[in-house]
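Visitor: Here you go, sequence then predicted model.
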Amino acid sequence: MKKEKETKVVEQTQYPHEALKRVEDTRLVFWKSYKMHNTFKLLVMMVCLAAIIVAFIVLPNVIGNSSVQLGLTIGIAVLALGGTYGYSLFVRKKFERKMKEYFELYFNCCNEYVYGEKPFSGAELQNPGKITLDEFNECGLYKDVIEAGSRGLTTFKYNDLELSIVDCAGNVKAEKRMKPVFVGKMVRTTAKYNGEYPVYVYIKGNDRALPPTNMEGIEAVLDNEKMVVYSNYKDWQKVLNGPVMKALEAIKTDKILVDVAFSISKGKLFVMLGYDDPLMVLPLQQEFDYKPTEIYKENMGVVCKAIEALNK
């Protein structure tokens with residue numbers, strides 16, 4: 001009796017929202033196209049290398065006239081090298097454009113999932129989706145930042161509050177390289193507080209956390225297991241009143257959200273959400289894991305409640 005061949009069933013990921021599934025569908029198409037063009041680029045390079053070998057090894061034994069042989073050798077080599085460079089440049093520009101389109105789709109789909117239901121509304125990806133170094137440094141939390149990369153700047157509303165959020169990283173100069181002092185998402189909005197001295201709140205996290213580095217000369221008025229409050233404002237508890245503290249205590253850090261810092265200054269409010277790689281690295285080779293984005297959505301619901309409490 002013949003044994004029936006076993007067929008391996010690959011279970012497909014069930015995404016909780018159509019927008020998240022679109023990310024994976026687009027990633028698959030992009031990655032297959034990327035691999036195909038890389039393979040073709042390798043073939044082009046091999047053909048060009050073969051042409052150069054022919055020019056320098058075979059031709060001298062076939063053509064007796066040294067001047068003709070030299071001209072053909074140089075001509076074939078130049079054409080081969082030019083063809084390789086030209087095709088590589090063409091592929092690079094093409095995939096830079098495709099990568100930009102994919103990233104825009106990624107942010108639009110994630111924004112649809114995270115901000116697509118009330119009390120969120122009006123999420124819109126900005127172009128260009130970046131902030132300046134000065135805009136990053138406005139938060140006042142990190143010292144000596146000389147480089148700030150950013151992407152995916154999005155504006156949205158939480159009830160009546162207008163906010164923006166952007167992926168960003170702030171770097172300082174170390175001995176031989178740039179060193180990050182923040183990696184994650186920056187939320188910006190207005191603040192009801194209009195006092196002279198800023199109030200900073202740092203919600204502690206795990207060993208991947210990057211605490212504020214610009215607190216020199218600012219008193220730590222509260223330091224417990226959950227958070228540290230820094231301020232030279234003697235009535236800081238008027239800013240961080242009972243409802244605000246309750247909202248802040250509801251923010252939970254974990255392996256994805258590694259820490260959180262609030263900067264409350266004259267009319268301005270910044271929230272720095274320190275995130276780890278599973279959320280911050282956009283999916284290319286591997287299947288899109290939607291679970292970090294689910295955590296991000298939950299985080300934003302809790303964080304925006306705290307922002308709203310600070311503005312009441």
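Guide: Yep, that arrived.
Visitor: what's the spatially most central residue of the chain in contact with, if anything?
Guide: By Cα atoms, centre = their mean, the chain has its centre lying nearest to residue 280, at 4.4 Å. Residues in contact with residue 280 (Cβ atoms under 8 Å, 6 or more residues apart in numbering) are 167, 183-184. Where C-beta positions appear, they are placed from N, C-alpha and C, glycine not excepted.
Visitor: Now do it against residue 160, distance only.
Guide: 30 Å (Cβ to Cβ, to the nearest Å).
Visitor: before we move on, back to that, where helices are concerned, which of the contacts of residue 280 count?
Guide: Taking DSSP state H, every one of those sits outside helices.
Visitor: Of these, which belong to strands?
Guide: Those of those mapping onto strands are 167, 183-184, per DSSP state E.
Visitor: Now do the domain split for this structure, please.
Guide: 18-113, 119-310 (automatic domain parsing).
Visitor: First-to-last residue distance for the longest one?
Guide: What that stands for is domain 119-310. 17 Å (Cα to Cα, to the nearest Å).
Visitor: same thing with stretch 247-260?
Guide: Stretch 247-260: ends 13 Å apart by Cα to Cα.
Visitor: average pLDDT across that stretch?
Guide: The average pLDDT for stretch 247-260 rounds to 97.
Visitor: Can you list the buried residues in it?
Guide: Buried residues in stretch 247-260, counted by 16 or more other Cβ atoms under 10 Å: 247-248, 251, 253, 256-260.
Visitor: what comes into contact with that stretch?
Guide: 184, 201-206, 208-211, 226-227, 240, 262, 271-276, 278-279, 292, 295-296, 299, 302-303, 305-306, 308-309.
Visitor: in the protein, which spans are helices?
Guide: 18-53, 59-62, 66-115, 133-137, 236-239, 242-249, 277-280, 291-310.
Visitor: give me every residue that touches residue 218.
Guide: 198, 200, 230-232.
Visitor: Any quick PyMOL command for the buried ones out of the residues you listed?
Guide: A single PyMOL command selects the buried members of the contacts of residue 218 (16+ other Cβ under 10 Å):
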select buried, resi 198+200+230+231
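Visitor: Which two of the contacts of residue 218 have the greatest separation?
Guide: Using Cβ to Cβ, the pair of the contacts of residue 218 lying farthest apart is 200 and 232, separated by 10.3 Å.
Visitor: follow-up on the earlier one: most packed of the helices of the chain?
Guide: helix 291-310 (a mean of 19; mean count of other Cβ atoms under 10 Å).
Visitor: Run the chain-centre distance for that helix.
Guide: 18 Å (Cα atoms, centre = their mean, to the nearest Å).
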